[in-house]
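[1] Fold the stuff below for me.
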Amino acid sequence: MRGARDLHRAPSREDLYSSQRSIDSVASRSLLTGNGTGMSGVGIFFQQEADGKVYVRTIVSGGSAERDGRVRVGDVMCGVDGRDVIGEPVSVLRSLLLGHEGSTVVLTFARAVEAGMDSETSDMNSGNTVIAKFDVELVRGSPEYFNKMDSARK
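    Numbering: from 1, shown residues only. You can find the predicted model right below:
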């Protein structure tokens, strides 16, 4: 898996995705592209569950996360620039994620995946689920910012 850093055995997907999700949740928050203060995000809407987990709810078209292509809806946020953020409120994540347009931030995510081919035995490990943690370096900026940058390069 591209970008995979750690693989740990997990009994089921429910360990990572344990509670019901609702887009209409009161706890739903966004870290999209800023707040009018000259600060920008990475093009991801997050939602925090009652147990404190923060997961990717939506990826913004044309934003940094979509352009990179590795982040998926349902990924769980684990870290920002090397800092463990599991259980942190969205307000803390917001302060860590927002920054000046063009600056970068490294996000760590976890994702439940089916175990693949066992390289030692060449057997498929079907039905086994593992939790993969991976880092993604994203550039802060709005889709309009990236469109301007792309136009300037032409």
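[2] Could you measure from the residue nearest to Asp84 when sequence neighbours are not counted over to Asp135?
    Nearest residue to Asp84, sequence neighbours excluded (Cβ to Cβ, 6 or more residues apart in numbering): Cys78, at 6.9 Å. In short, each C-beta sits where N, CA and C put it, glycine included. Distance, Cys78 to Asp135, by Cβ to Cβ, to the nearest Å: 9 Å.
[3] so the residue nearest to Asp84 touches Phe109, yeah?
    Yes. Between Cys78 and Phe109 there is a contact at 6.2 Å, judged by Cβ atoms under 8 Å.
[4] what do the two both touch?
    Residues touching both Cys78 and Phe109 by Cβ atoms under 8 Å, 6 or more residues apart in numbering: Lys133.
[5] Cys78 and Asp135: which is more packed in?
    The residue with more neighbours, out of Cys78 and Asp135, is Cys78; 19 against 16, by other Cβ atoms under 10 Å.
[6] How about the secondary structure of the more buried one?
    At Cys78 the chain is in strand, as set by DSSP: H, G, I helix; E, B strand; the rest coil.
[7] swap in Asp150?
    On the three-state scheme (three-state DSSP), Asp150 is labelled helix.
[8] That one: neighbour count?
    11.
[9] roughly how far apart are it and Pro143?
    Plainly put, Asp150 is 10 Å away from Pro143 if you go by Cβ to Cβ.
[10] same deal with Asp135?
    23 Å.
[11] quick one: the strands in the protein?
    In the chain, the strands defined using DSSP state E lie at 4-10, 28-31, 39-40, 44-48, 54-59, 76-80, 83-84, 99-100, 104-114, 129-139.
[12] quick one: which of those is nearest Arg67?
    Of all those, strand 129-139 sits nearest to Arg67, with 8.3 Å by Cβ to Cβ.
[13] quick one: average pLDDT of that closest one?
    The pLDDT scores in strand 129-139 average 94.
[14] between it and strand 104-114, how big is the angle?
    Computed by axes from the mean of the first three to the mean of the last three Cα atoms, to 10 degrees, the angle separating strand 129-139 from strand 104-114 equals 160 degrees.
[15] Pull out the buried residues from strand 129-139.
    Neighbour counts over strand 129-139 (16 or more other Cβ atoms under 10 Å) mark Thr129, Val130, Ile131, Ala132, Lys133, Phe134, Asp135, Val136, Leu138, Val139 as buried.
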